[in-house]
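[1] Kindly generate the corresponding structure for this input.
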Amino acid sequence: MFKNMEDLQKYSKGQMESATAAASAVTKGVQQIATEASDFSKKSLETSSAFVEKLLGAKSLDSAVQIQTEYAKSSYETLVAQATKMGELYTSLAKEAFKPVEAVVAKAQASAK
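    The predicted structure is shown next:
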C-alpha cells in the first residue's frame, strides 16, 4: 500500500485534514442546533406566557375553551415545524461531517485498486 515513508506521511496528513474538517463541520452543526433549540425555547416560553395572560382574561368558559383550542392548534403546528427543522439540521450535520471522510475513503479505495 505504501511504497515509502513519504507516501505514509501524505496519507497521514490526509487523514488529519479529514478529521479536522469533520470535527469542524460537527462543531458548526452542533452550534446551529443549539442556537435553534435555544431560540425555540425562548419563543415557546413567550407564547406560553401570552397564552396564560389571554386565558386569565377570558370572560366566559366558551371564550376560555376557544383560547385554549387556538393555543393547542398553534402549539402543535409550531412543534411539527420545529421538529422538521431540527431533523433537517441533524441531516445536514451528518452529511457535512461525513464529506471529508467519504473523500478519504474514496481515495483509499482508488489507491487500493
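[2] Low-confidence bits of the chain, can you list those?
    Filtered on pLDDT under 70, the chain yields the residue ranges 1-2, 8, 112-113.
[3] residue boundaries of the helices in it?
    Remark: helices assigned in the chain by DSSP state H are 5-56, 61-112.
[4] residues touching the closest residue to residue 44 other than its chain neighbours, list them.
    Leaving aside its sequence neighbours, residue 44 sits nearest to residue 78 (Cβ to Cβ, 6 or more residues apart in numbering; 7.7 Å). All C-beta atoms are positioned from the backbone trio N, CA, C, and that covers glycine. Residue 78 makes contacts with 43-44, 47, as judged by Cβ atoms under 8 Å, 6 or more residues apart in numbering.
[5] roughly how far apart are the residue nearest the centre of the chain and residue 33?
    Against the mean C-alpha coordinate of the chain, by Cα atoms, centre = their mean, the closest residue is residue 89 at 3.1 Å. Counting by Cβ to Cβ, to the nearest Å, the gap from residue 89 to residue 33 is 5 Å.
[6] same check, this time on residue 10
    Noted for residue 10: a distance of 35 Å to residue 33, by Cβ to Cβ.
[7] Many thanks, we can stop here.
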